[in-house]
Every structure is written in C-alpha cells, then in structure tokens.
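Undergrad: predicted coordinates and the sequence they were generated for:
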Amino acid sequence: MEKGNPKPALSPDEYLSIKASSEGLYKDNGSRFLSLAYPVKSAEEAEDIVKALRKEHYNATHHCYAYRIGLKGDTWRINDDGEPSGTAGRPILGEILSRNLSDVMVVVVRWFGGVKLGVPGLIRAYKAATQEALDAAETIVKTATVPVRIYFSYQQTDKVLRELRKRNIEDSDKKFEEECSLTAHVPLSMTESLKEILLKIEDVRID
C-alpha cells in the first residue's frame, strides 16, 4: 500500500506494518536525531538491532527506541536510554500507535548539540524524527498466521497441497520421504476449519 492512500478495511487476521527499513533525520538547536524504522518479528530481533546500532553509532549520546509486535501489538517496549523519563520512547511508540502499525521498531539515535531542549522540546524532537522515518516507509497489510505441521503419505501429497493452494496458504520446511511433512502458515481464523478438512484425507495427521 503506497504512502498517502486511505487505510484499507482489515479482516480480524490482518494488521498494518512496514515493508522495509527506512530512515529520517530531524535537527534542533545543534542536536541531530537520526531515526531508523525496521520491520521486526520478535523482541529478540529488535534488541539485536539496537545492539548493532550502538556499535555502529558508538559516538552518539542516546539510542532511544520503541517497538510493537504481533496482531494486537501485545509485545511492546519503550526505552529512553538516559533521556528524561517519557520524553523519547513514549513519543516514538505514540507515533507507531497513531498509525496502527505493528511488527515495527523505530530507533532514534541522538547526537547532543550543546543546547538542552527541555522536556517539551525532546518530546517534539523524538516524535518528529519518528514521523520522518515512518513517512518514508511503505505501509503493507500483514496476515497473522500460526504454524501447523502436517504429516501425510507420499500418495496424498497432491491432495494436501491442493487444499493449501486453494486458500493461498504458504508452506515451508517440506520433507518428502516415506512419510512426508510440511509446515503450513495458516491465518488464525482459518486454522480449525483447515485442520478438519485435512484430517478427512487418509493418512494425514497434524501436530
């Protein structure tokens, strides 16, 4: 979905995220705020990004961030990294929330310019920097899925794959041996109905 288009109507399994990493830059009274937005799938991935940025921009004054992960954004974190409480991580998260995004992390790297901005100035700066990065990102619609491991005989391969293709369900980790198996990435609302359909096929079992 291109930037600026109206927000699409989402199904219960769908949510908004960003397609790829993007960045922005905001300056105020000599301080520079480099903002970097990333699509992320886990808290561990997000924390690894922060560690890498601390090494890359080792001479920066602060590395503040927020992330939100999952269909309902149940996994989230904010970090002010030494800025006054509530002046950095929260405005970053606030901008992510205002756009209804998830599986997204924004890190704002600050180089202090010698002039204190005060609490209102910091909040404004971190919000504006986050806006710059997210404005540069392409928004996409993602579908929340659960992994379902399916086991079947080689003779039933076509039947199993046909049911998945009918529903545009992606699969991975295929093994075609005496007993075949694959992992189907099934939309949440479709999980139970698909299991019922597949279990009607002979020699199919599901973990």
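TA: Now that the structure is in, tell me what you want to look at.

Undergrad: list the helices and strands the longest helix along the chain packs on?
TA: Looking only at the chain and at elements set by DSSP state H, the helix with the highest residue count is helix 118-135. Contact partners of helix 118-135 among helices and strands, from 3 or more CB pairs under 8 Å, 6 or more residues apart in numbering; DSSP states H and E: strand 22-28, strand 31-39, helix 89-98, strand 104-111. From N, CA and C alone the C-beta is placed, and that goes for glycine too.

Undergrad: pick the most buried one from the ones you listed.
TA: Across these, averaging neighbours per residue (mean count of other CB atoms under 10 Å) puts strand 104-111 on top, at a mean of 26.

Undergrad: so what touches it?
TA: Outside strand 104-111, the residues within contact range by CB atoms under 8 Å, 6 or more residues apart in numbering are 17-18, 31-40, 46, 49-50, 53, 57, 59-68, 83, 88, 92, 95-96, 125-126, 129-130, 133-134.

Undergrad: given that strand, what are its sheet partners and their directions?
TA: Strand pairing for strand 104-111, using DSSP bridges, gives strand 31-39 (antiparallel), strand 62-69 (antiparallel).

Undergrad: relative orientation of it and helix 89-98 in degrees?
TA: For the pair strand 104-111 and helix 89-98, the angle between their directions (axes from the mean of the first three to the mean of the last three CA atoms, to 10 degrees) equals 140 degrees.

Undergrad: what angle sits between strand 104-111 and strand 22-28?
TA: Here strand 104-111 runs at 40 degrees with respect to strand 22-28, directions being taken by the same axes, to 10 degrees.

Undergrad: distance from strand 104-111 to the middle of the chain?
TA: Relative to the chain's own centre, strand 104-111 is displaced by 15 Å; criterion: CA atoms, centre = their mean, to the nearest Å.

Undergrad: find the nearest non-adjacent residue to the residue positioned nearest the centre of the chain, please.
TA: Per CA atoms, centre = their mean, the C-alpha nearest to the average position across the chain is that of Asp103, at 1.6 Å. Spatial nearest neighbour of Asp103, chain neighbours left out: Ser17 (4.3 Å); criterion: CB to CB, 6 or more residues apart in numbering.

Undergrad: for that neighbour, give me the pLDDT.
TA: Among the per-residue scores, Ser17 shows a pLDDT of 97.

Undergrad: ok so, going back, just put the strands paired with strand 104-111 in a markdown table and tack on distance to Arg149 and mean pLDDT.
TA: Rendered in a markdown table, the data for these read as follows (distance: least, CB to CB, whole Å; pLDDT from 0 to 100):
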| stretch | distance to Arg149 | mean pLDDT |
| --- | --- | --- |
| strand 31-39 | 25 | 97 |
| strand 62-69 | 23 | 98 |
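
Undergrad: of those, which is nearest Asp158?
TA: When the strands paired with strand 104-111 are ranked by distance to Asp158, counting by CB to CB, first place goes to strand 31-39 at 34.6 Å.
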